[in-house]
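In: Provided below are the primary sequence and the corresponding predicted coordinates.
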Amino acid sequence: MNRPARIGTRALLLRGSGAVLLIAGLGTAAITERGLLVHHLAAARHGGDIVEAGSQGPQPGLHGSMVLVSGTPEVVEAPRDPDFNLSVPAPVLERHVEMFQWREVRVSTDLHYELDWSEELQDPGKFRQPRGHANPGTMPLKSERFEAGMVRVGGFALGPLLVHALPGSQAVAPDPSKLPANLAASFSLYHDYLTTSADPGSPRLGDIRVSWQAVPLQPVTILARLDGDRLVRASKADDGQGYQVQVGVRSLSDVLPDVPEPPEFTMARRGAAIVLAALGSFLLLWERRRRVSDPLLALAVGVTTIGAVSCASWLGGDWPPVLNWFAVTAAGVLVVALLHRRTGRAGRA
């Protein structure tokens, strides 16, 4: 093979290799940015971009972001039932007050009356047969819900709505020795509740029983918006909810199956895309009269092409990434123009 043929083959290989590297860089950039855009648009339906937080609590720059955090709730200020002097280290304490009273039961066309425990006052005036089924007119106590003054998960304080949404329930046994004197004279312990029945096994009309349930301390995963140092509901979420609370330690795909995971190692992938594009550009420029500025020119071309592709990939999404990549592209074009102009002057000299 003569020398011109060898030179032609080498030039073809250099151009081919340069084109492959340049295309690989552009493809890497397009796949990375498009993956980020798809994740961003899906996350926006649930309140915005999502940050998977660790256990160090609020960090600078997270304000306003949707935060995914897992952990066992930490009760800082425990809830307390002041009437019965009952407090438990739980996010929520619920008191249930029931009265033994007549209630009307209808099954198809059959109608009958029975004495049973009911948390709601049964109005005999609404019975079809009120005679002989009179009930007390008032409940001496009401069912109530008591929430902890502060609850944290993974170092993040929870807003009232999220505390209310914590799942699960377990019975709480009261301590009769802590009852105020006026209630201690009326109530006695039977199983896991307090009752006014003289014979708890055979209650009578008007007897009262009180029981408590608490939200257990168990691992949970929460997705919510960070407002200051508290996690709250994202009020403008398109899904109409703006938060998620689930039992257990869960990943983003478990909590929001419709939100794809964002590309991993984003910055490394962007850097690799620029390096591939720059190497490809350098090989494509190999046949030029080689100058010291060629590597810098190739890098500027790589940055410009990656910036342009990335900018185009974000079209249809938020404007900040579009504008940021446009600025990168413009800076690359400016550097290419300056280097080309300097090269031209050096050639004429």
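Out: Structure's in. What do you need?

In: could you list every residue that touches the residue lying closest to residue 318 once chain neighbours are set aside?
Out: Here the nearest residue to residue 318 in space, its sequence neighbours aside, is residue 40; by CB to CB, 6 or more residues apart in numbering that works out to 6.8 Å. Heads up, the C-betas are built off the backbone N, CA and C, glycines and all. Residues in contact with residue 40 (CB atoms under 8 Å, 6 or more residues apart in numbering) are 49, 317, 318.

In: Quick check: residue 20 vs residue 27, distance?
Out: Distance, residue 20 to residue 27, using CB to CB, to the nearest Å: 10 Å.

In: circling back: work out for me the element the residue nearest to residue 318 sits within.
Out: helix 3-44 (DSSP states H and E).

In: Can you give me the pLDDT of the residue nearest to residue 318?
Out: pLDDT for residue 40: 90.

In: Next one, pLDDT for the residue positioned nearest the centre of the chain please.
Out: Central residue of the chain (CA atoms, centre = their mean): residue 223, 2.0 Å from the mean position. Model confidence at residue 223, given as pLDDT, is 95.

In: Please name the residues that touch the spatially closest residue to it that is not a sequence neighbour.
Out: The spatial neighbour of residue 223 that comes closest, neighbours along the chain excluded (CB to CB, 6+ apart), is residue 244 at 4.1 Å. Taking CB under 8 Å, 6+ apart, we find residue 244 in contact with 46, 221, 222, 223, 224, 255, 256.

In: Neighbours of the second one, how many?
Out: In this case it means residue 221. As a burial measure, residue 221 scores 21 neighbours (other CB atoms under 10 Å).

In: again with the last one
Out: For residue 256, the number of neighbouring residues by other CB under 10 Å comes to 20.

In: And for the first one?
Out: Counted with other CB under 10 Å, the burial measure for residue 46 works out to 23 neighbours.

In: likewise the third one?
Out: Residue 222 is flanked by 25 other residues according to other CB under 10 Å.

In: Show me the helices in the protein, by range?
Out: Applying DSSP state H to the chain gives helices spanning 3-44, 160-165, 181-184, 252-255, 266-284, 294-313, 319-348.

In: what's the spacing between the longest one and its chain's center?
Out: On the basis of CA atoms, centre = their mean, to the nearest Å, the separation between the geometric centre of helix 3-44 and that of its chain is 36 Å.
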